[in-house]
Structures are given as C-alpha cells and as structure tokens.
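A.B. asks: Got a predicted structure here, sequence first:
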Number of protein chains: 4
Amino acid sequence: MVADEKATDEALRERETGRLEAFSDGVFAIAITLLILQINVPLHSTHLFHDILLSWPSFLAYVLSFSVILIMWVNHHTIFRLITRIDRRFLMINGILLMLITFLNYPTAVLADYLTTSHAGIALRLYDGTFIVISLTFNLLWRYASYDGRLLGPEVEPVTVAAITRAYRLGPLVYTVSFIVAFVSVPLSLAINIGLAIYFAVYGL
Amino acid sequence: MVADEKATDEALRERETGRLEAFSDGVFAIAITLLILQINVPLHSTHLFHDILLSWPSFLAYVLSFSVILIMWVNHHTIFRLITRIDRRFLMINGILLMLITFLNYPTAVLADYLTTSHAGIALRLYDGTFIVISLTFNLLWRYASYDGRLLGPEVEPVTVAAITRAYRLGPLVYTVSFIVAFVSVPLSLAINIGLAIYFAVYGL
Amino acid sequence: MVADEKATDEALRERETGRLEAFSDGVFAIAITLLILQINVPLHSTHLFHDILLSWPSFLAYVLSFSVILIMWVNHHTIFRLITRIDRRFLMINGILLMLITFLNYPTAVLADYLTTSHAGIALRLYDGTFIVISLTFNLLWRYASYDGRLLGPEVEPVTVAAITRAYRLGPLVYTVSFIVAFVSVPLSLAINIGLAIYFAVYGL
Amino acid sequence: MVADEKATDEALRERETGRLEAFSDGVFAIAITLLILQINVPLHSTHLFHDILLSWPSFLAYVLSFSVILIMWVNHHTIFRLITRIDRRFLMINGILLMLITFLNYPTAVLADYLTTSHAGIALRLYDGTFIVISLTFNLLWRYASYDGRLLGPEVEPVTVAAITRAYRLGPLVYTVSFIVAFVSVPLSLAINIGLAIYFAVYGL
C-alpha cells in the first residue's frame, strides 16, 4: 500500500484544486440553506401574529448564522484563490472545517430554542465555542497552506500572506471574548456576536 | 488591516462572477427543493384519500413558492448575465437576497398550515411581506450593479438597463397591493398571488 | 415591457443551456438525497431489530424512488445533450418537471407509511399518478424541444428523434396500467413498479 | 427501441464523465450535510449543559459518518480521475453506490439513538453492515471500470491499478471484523470504527 499511497499523494499534489473547491462550495451552500429548517412554525396557534413575533430568537439566530457562514464562504474562497495545489493534509483540515461549518446548525438551533430561557448563557457559549474552534481551524488551514509558500502560487506576495495571517488572528480572539462575556451578560455577548457579523460583512475579515 | 482590505477588494473586483453565481444557484436549488419538506404526510389516517385532499393548502403553497423561486432564479440569472465584475457591496446585497429566498420556506409553511384557519390573513401578509422585501432587495441589487454602469459589461445597452429597471419596479408594487388586500379578502389576495406567479412565468418579469 | 420581453427572449434563446442543466442537476441531486429523510428511526424501541425489519416499506419506497429519479436524471441528460438552445416555454416546462420530481418525496413518504395498511391502494395510486404526470411532462418537454427540430442541434438525426419519441411514449402507458391495477391488487401493482424500475435501469427508457 | 438503445449506449460511452462526476459530488455533498439533521436539540431542557453532554452519541456518530463519507468522496474521485468514459453498467453501479451513501444517514441516526442502550450491538451491526455493502459496491465499481482497462485512460499504469485493487480489498474485510466484534463487545467494535476512520483519513485507503 506504500506504493499506492505515494502514487495517490503525487496525484493529489498535482490535480487542480477546482474540484475540492466546488465540493466545499456545495457543503457551504447546503449548510447555509438548512438553517431555515431550524425555525419552527407555531403549531395550532390561536394567536398567530403574537406567536410569530415570539419566534424572534429563531429569526435572529437564522440571520446571524447565515451571515457568518456567508462571510466564512468568502474567506474560504480567498484562501482557494491563492493556493494552486492541495495535499492530503490540506484535504483533511478542509474536511474538518466543513464538518464544523455544517455542525453550526446545531448550536444555532440550541441558541434559537434557549435564548429567552435561563439557559441562554450555555446556549451562547456553545455557539461562540463552535466559532472559536471554526476560526482556529481556519487559521490552521491558512497557515498550513501558506507556511513557506507550501501550497501557494508563486505570484502571491509575502505582504498579502502577512496581511491575511494578521487578519485571521482576530477571529479566535474576539469569539473568546464573547464566550467569556456570556458568563457575565447574555445581552452583551449577543451584541458582540451581532456587531462582529456586521463588522465582518462590511469591512471583511 | 487596511492594506489587506484593499488587496482583498482589488482581488474581488477582478475575479470573475462565475463562482458567486454558482454558489447562488446552489442556494436557489436547495431552497426550492426544501419546500417539499413542508408538506406533512397525514399521520395514522383512517381516511387517507380525504386527508390528502385536505392538504390542498400545502400543495398550493408548494406550487406557488416553487414557481416564484424559479422565476426569481431566472431574474437572478438575467442580472448575472449582464454584470462582468462584483465588489464587496454587491456580494453583501446578493447575500441578503439569498438569505431572504431561503427564508421563504418559513412563510410558505405558515401559509400552508393556516390558510384554512381564521389566521389566513396574517399568514398571507407574512407571505406577501416577505415578497415585498425580496423584490425590494432585487431592485437594490440591480440598481447597485447598473447605476452608472458600475458592474455591467461595456456592451450592455442603456435601453436594456432602463427596461429591466422599469420591469423590476413592478414587484414591490404588486406585492404591496396583495398585502393590503389580505386585510380585506383572503381569497382575493390569494388569487392575486396565483395570478402574479402565472403572469411572471408566462410573460417574464 | 414589450421591448424588455423581446430583449430577454432573444438573450434566452441565445444563451447556452449549460446553466439550466447545472441548476436542474442540482435539483435532481437534492430531491434524490432528501428521500432518506422520509425513513424514520424507531423511537424508544424495545425490539430494535424487529422494528427495523418492520420499516421495510420505507426501505422499499426509498430504493424505488431513488432508482426512478436516477433513471429520470439520465433521460433528462439525454434531452439536454441533444438540444443547443432554450426558450422561455422550454424553461417553464422544465420548471414544472423539476417541481414534480421534487414533489415525488411526498408520495414516496405516503407509500412508505401506508403500504402495509388498508390504504395501500390509495398510496400506490398517488405514487403512480405522480409518475403518470411526470412522464407526460417528460413527453411534453421532449416534443416541444424536438418538434420541427425547434431546439435541437443541426446534427441530430431524425431517426434518433423518432426513437426517443417512441420510447418516451411508453412511460405514461405503463404507469397508467400500474395505476389501474392498484384498484384490483396492491402486490401486483407494486410488482409492476419494481419491475419497471429494474427494466428501465437495465435497458434504458 | 433496440436502435434507440444502441444509439443511447454509444452516446453514453462517448460523453465525458464530467457531468456524472459533478452529479455524484452533489449527492455526496448533500448526504454529508444532511447528517447534521440527525442531532436533535434537547426539548424543554432544565439542565441544558448536562443534556447536551448526554447527546455525545449523536456527536460521535456525526463525526464518524462525516469522516467516512469524506474519505469515500476522495476515493470516488480517485476512480473518476483514472476513467475516461462511462457506460450504462458503470452508471448503474455508481447509482447504487450513491443510494447507499445517502442511506448511511439512517444507520447513523439509529446508532446515535441506541448507542447507550442495550440495543447498541444491533445499531452497530446495522452501521457496519451498511459499510460492508458500500465497500463491496466500491470494489465492484472499480473492478468493473478497471477490468482489462475497460473504462480507464490509456496512460494508467497496471501497477497503479493493482495497488488500488489491493487497497480496496481491505474495506469489506475490516468492516466484517468490526461487524462480528459487535456481537461480543460494543466498545471494541466502536473503537475499531473510530480507528479505521482515523487510519483512512491519515494514510488514505
């Protein structure tokens, strides 16, 4: 199997990154669309308008997660635009990233269901905790690809690499802050999450 | 981060619109297909044929939303056929549009569940209200892209731009009419919705 | 809007069919995959193995619908391989076809839930009725595209067109037979459905 | 229909494998993403953190199935990279493979629900049994494509073919072992499953 392994690895290194990017895009598109299934229609409601308004945590969680996944998709594309080849380790890290982004559906649903209960803090920490792991994985993916120009095209400037590395450092930090704040104040932690989504959407990562 | 921002923006401006269009198409295709999950199978029915017939509001809401999303996909493609580059703001407006189109699953399910109840008016106004916001976002997307030919190819004729601008103006108007009519008569508002879907399908927007 | 209409129609006629085919493929892929959500996991089962075996109608309905959608995808591709342009009417008929194929999830779920009840006949007729409508729509799509070579490439031989037209005629007929048989004998109608799926898979339509 | 059959077969043989690969990728991407829907949010929990921790079998099943489907996607791509044409039989075997990979959602959900019950052994055998059938189908797909170089490009070396054939032989064997071990020890069988996923991810099949 050693020979096979080597042949496969060689081939992987050479093949264009296009198919992996298309597959990743597919997972992003499905994960972002499945978020809508987490908003439950009120059952046998006798005050429909009121009950729809009461679902605001579901709407908020939907808009928040949709926005952040979209931003992450743009960032993911930024990485793929700069790399020109992939290897098995990159494939693995990218796979873990896709797994986590799909997983985001779960903390989103928990947040929607428990935001107005006494368990809001736990729900928010699960949500922010997931983002901490996702942003760390993004850093790993980028650092692995860019270290010593490993998977990058020859035309990529060191200054571009340095700027992206610097920008990506921000994610784990801010979500850790929001995670910690959720122990003290749920509304403040929620506000940080909303603010971050708007900031990233407007200014980019 | 300013340097990074500029580099990223520059790159965004240059890259072809192809990948964004493919991603948007993916979201359209998933959002339109998920609609089927909103039709519930009768549970432990003792009069299956009768109970399936009683599900007609689900079937109607399914056909209606499927048709309108398909029409919006055609319109979305019309815009993308005319533009030759994208920037961050266009990316954001397009993201909001995708979020709203995916969201349409929710008002569709509410409409299906409450069309034959005394809350039909609320369900219809939620449904039409979503369409008002969607058609306004479509207008924003198109106006942002076409203003002063910002993102359009040089070969696009001003007369084409003007015709599309004129046609897009119709959407928010007719859905506002249907929204208001739903306060007075549910069947009439529903009829307007069905008529609009058929009109747009046959004649285009 | 007449000018816009004409410009749009012209453009539609000219643009390659690639994007419509990719979008259709996406809907096919999602509709076929969503079928799995209709198989319910036994809840709090105390005889898990037994309860899984009891789910055989769900497994059968899954395999049957998955097979038929896959066969329809191959047929859909056959049509798209022969056409070189699309127009608005073709777009509409194709949209109705996609709507029906996505809809198939519903009769599949009904069949799974009621196959072992006294309502099996109704479930089967709903299932076969859907196939009758789908195969009629397939015929419409093909006849519209091929009539007088309307949307076909110039290299397509009349003999190929005639052979496909002949083959497509079969679908509505056989599903009507199965539909009628379901009034008399559920097992026989089911056997016809299974036999048809195997026949089409092995020999093609 | 014989003439049609022949024409269709000829055409199938000639058309590039690209569209089938894209369709397969779509099914892979959707099947892998739908896994998240199997993790249920605790309902009206009064000890949310505790209840989330109690969901560990769902998380484990999610990570395990996501990893294995991703590995299978890589393997699927390896096959498609080496073949240059497809025929009807290949299309059928590939269809059965996609059906089984989508089906994996069901045993994953059963495993998640019953891993901590006395029915864990049955759930694990259903899970491993599905993998046995999937890996046998993978072997069939590869052997059919590679036998006498039937569908392979002329540049593919016999040594590469032999290495892949040897590697693919492993799958059915190890999952049969895990299947049998599940009769004796659930934790050991589970450990084998986890170990296999890690091994395949790190070293490739």
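C.D. replies: Received the coordinates, thanks.
A.B. asks: What distance do you get for the residue of chain A positioned farthest from its centre to residue B:118?
C.D. replies: Distance from the centre of chain A peaks at residue A:46, with 38.1 Å (Cα atoms, centre = their mean). Applying Cβ to Cβ, to the nearest Å, the value for residue A:46 to residue B:118 is 9 Å. C-beta coordinates here come from the backbone N, C-alpha and C atoms, glycine included.
A.B. asks: Mind checking the pLDDT average for the particular helix or strand that has residue A:102 in it?
C.D. replies: Here residue A:102 sits within helix A:88-103, counting by DSSP states H and E. The average pLDDT within helix A:88-103 is 95.
A.B. asks: Show me the helices in chain A, by range?
C.D. replies: A:2-14, A:18-34, A:48-54, A:56-82, A:88-103, A:105-114, A:120-146, A:158-168, A:170-184, A:186-203 (DSSP state H).
A.B. asks: Pick the most buried one from the ones you listed.
C.D. replies: With neighbours defined as mean count of other Cβ atoms under 10 Å in any protein chain shown, the helices of chain A peak in mean count at helix A:105-114, which reaches a mean of 24.
A.B. asks: Helix D:56-82 and that one, what's the angle between them?
C.D. replies: Per axes from the mean of the first three to the mean of the last three Cα atoms, to 10 degrees, the angle that helix A:105-114 makes with helix D:56-82 is 150 degrees.
A.B. asks: What is the distance between helix A:105-114 and the centre of its chain?
C.D. replies: With Cα atoms, centre = their mean, to the nearest Å as the basis, helix A:105-114 stands 15 Å off its chain's centre.
A.B. asks: Then stretch A:141-156?
C.D. replies: Here stretch A:141-156 shows a centroid-to-chain-centroid distance of 21 Å under the convention Cα atoms, centre = their mean.
A.B. asks: Next: stretch A:159-173.
C.D. replies: 16 Å.
A.B. asks: Go ahead and name everything in contact with the helix holding residue A:102.
C.D. replies: Applying Cβ atoms under 8 Å, 6 or more residues apart in numbering or on different chains, the contact partners of helix A:88-103 are A:9, A:12, A:20, A:24, A:27-28, A:30-31, A:69, A:72, A:76, A:83, A:86, A:130, A:133-134, A:137-138, A:140-141, A:144-145, A:151, D:32-33, D:35-36, D:62-63, D:66-67, D:70, D:74, D:201-202, D:204.
A.B. asks: May I have that helix exported as PDB, CA atoms only?
C.D. replies: Presented in PDB, the C-alpha positions along helix A:88-103 are these (Å, rounded to 0.1, in the frame of the first residue of the first chain):
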ATOM      1  CA  ARG A  88      -3.600  15.100   1.800                       C
ATOM      2  CA  ARG A  89      -3.100  17.200   5.000                       C
ATOM      3  CA  PHE A  90      -4.800  20.200   3.500                       C
ATOM      4  CA  LEU A  91      -7.700  17.900   2.400                       C
ATOM      5  CA  MET A  92      -8.000  16.700   6.000                       C
ATOM      6  CA  ILE A  93      -8.000  20.200   7.600                       C
ATOM      7  CA  ASN A  94     -10.500  21.400   5.000                       C
ATOM      8  CA  GLY A  95     -12.700  18.400   5.800                       C
ATOM      9  CA  ILE A  96     -12.700  19.200   9.500                       C
ATOM     10  CA  LEU A  97     -13.600  22.800   8.600                       C
ATOM     11  CA  LEU A  98     -16.600  21.700   6.500                       C
ATOM     12  CA  MET A  99     -17.700  19.400   9.300                       C
ATOM     13  CA  LEU A 100     -17.600  22.300  11.800                       C
ATOM     14  CA  ILE A 101     -19.500  24.700   9.500                       C
ATOM     15  CA  THR A 102     -22.200  22.100   8.900                       C
ATOM     16  CA  PHE A 103     -22.300  21.400  12.700                       C
END
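A.B. asks: got the contact list for the residue of chain A found nearest chain C?
C.D. replies: Residue nearest to chain C within chain A (Cβ to the nearest Cβ): residue A:30, separated by 8.1 Å. Contacts for residue A:30 (Cβ under 8 Å, 6+ apart) come out as A:102, B:26, B:30, D:29-30, D:33-34.
A.B. asks: Switch those over to a markdown table; also include distance to residue D:55.
C.D. replies: Shown next, in a markdown table, are those (distance: Cβ to Cβ, whole Å):
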| residue | distance to residue D:55 |
| --- | --- |
| A:102 | 16 |
| B:26 | 29 |
| B:30 | 26 |
| D:29 | 25 |
| D:30 | 23 |
| D:33 | 19 |
| D:34 | 18 |
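A.B. asks: Next, give phi and psi for the residue farthest from the centre of chain A.
C.D. replies: Dihedral angles of residue A:46 (phi, psi; degrees, to the nearest 10) stand at phi -100, psi -10.
A.B. asks: where does it sit relative to chain B, distance-wise?
C.D. replies: 8 Å (Cβ to the nearest Cβ, to the nearest Å).
A.B. asks: Also residue A:71?
C.D. replies: In terms of Cβ to the nearest Cβ, residue A:71 sits 9 Å off from chain B.
A.B. asks: Just the pLDDT for the nearest residue to that residue once chain neighbours are set aside.
C.D. replies: With Cβ to Cβ, 6 or more residues apart in numbering or on different chains as the criterion, residue A:71 has its nearest non-adjacent residue at 4.7 Å, and that residue is residue A:200. On pLDDT, residue A:200 comes in at 87.
A.B. asks: try residue A:4
C.D. replies: If you check residue A:4, the pLDDT there is 54.
A.B. asks: ditto for residue A:55
C.D. replies: 95.
A.B. asks: okay, and the helix or strand of chain A with the least pLDDT?
C.D. replies: helix A:2-14 (a mean of 49; mean pLDDT, DSSP states H and E).
A.B. asks: Who are the contact partners of residue A:59?
C.D. replies: Counting by Cβ under 8 Å, 6+ apart, residue A:59 touches residue A:39.
A.B. asks: That one and residue A:36, how far apart?
C.D. replies: From residue A:59 to residue A:36 the distance is 11 Å (Cβ to Cβ).
A.B. asks: ok so, going back, quick check: angle from the helix holding residue A:102 to helix D:18-34?
C.D. replies: Going by the same axes, to 10 degrees, helix A:88-103 makes 60 degrees with helix D:18-34.
A.B. asks: got the angle between helix A:88-103 and helix D:186-203?
C.D. replies: 130 degrees.
A.B. asks: confidence score at the residue nearest to residue A:80 when sequence neighbours are not counted?
C.D. replies: Residue nearest to residue A:80 in three dimensions, not counting chain neighbours: residue A:21, with 4.8 Å by Cβ to Cβ, 6+ apart. Residue A:21 carries a pLDDT value of 91.
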